[in-house]
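Trainee: Based on what follows, work out the 3D shape:
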Amino acid sequence: MLIIEDDPFVAMHLCMLAEDAGATSIGTADTEAEAIRAAQEQRPDVILSDVRLIEGTGPAAVARIRTDCGPIPVIFVTGTPEECKPCHYAAAVLSKPVNDRVLIATFMNIAP
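Mentor: Numbering: from 1, shown residues only. Modelled structure (predicted):
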């Protein structure tokens, strides 16, 4: 799993939720370029991504990762769902503050 999130506290919270949902290998990235590198080093089974990052965007990172690695289930977790473009392939676009139960249920529905 790859978590693309530039707020370290939110990233830590998402990691804990992913572990609660059964994820065992979790990588994190806080920029578009870092996310792409992380996915090239280890292809994620699922991606949780914010939209706005300190450098670049989550949707751009995910689009590049999907081009390089093939289809990967994606959940966007963002304070700006209206800016989630392109996001037509996303399993869900969840608004922050995220409902923990909804995120865990969504993850469990798409995780391989």
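Trainee: from here on, contacts and neighbour counts on C-alpha atoms
Mentor: Fine.
Trainee: Ramachandran coordinates for Thr57?
Mentor: The phi/psi pair for Thr57 (degrees, to the nearest 10) reads phi -130, psi 150.
Trainee: when you give positions from now on, start the count at 36
Mentor: Yep, numbering from 36; the last one is Thr92 now.
Trainee: Distance-wise, check it relative to Ile71.
Mentor: Distance, Thr92 to Ile71, using C-alpha to C-alpha, to the nearest Å: 11 Å.
Trainee: ok, Val133 - how many residues close by?
Mentor: 14 (other C-alpha atoms under 10 Å).
Trainee: Could you do Pro132 as well?
Mentor: 10.
Trainee: residue contacts, the residue lying closest to it once chain neighbours are set aside?
Mentor: Leaving aside its chain neighbours, Pro132 sits nearest to Gly114 (7.3 Å; criterion: C-alpha to C-alpha, 6 or more residues apart in numbering). The contact partners of Gly114, taken as C-alpha atoms under 8 Å, 6 or more residues apart in numbering, are 86, 130-132.
Trainee: Filter the residues you listed down to the buried ones.
Mentor: Val86 (16 or more other C-alpha atoms under 10 Å).
Trainee: Need the contacts of Gly114 in TSV (columns: distance to Met51).
Mentor: Formatted as TSV, these follow (distance: C-alpha to C-alpha, whole Å):
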residue	distance to Met51
Val86	20
Ser130	18
Lys131	16
Pro132	15
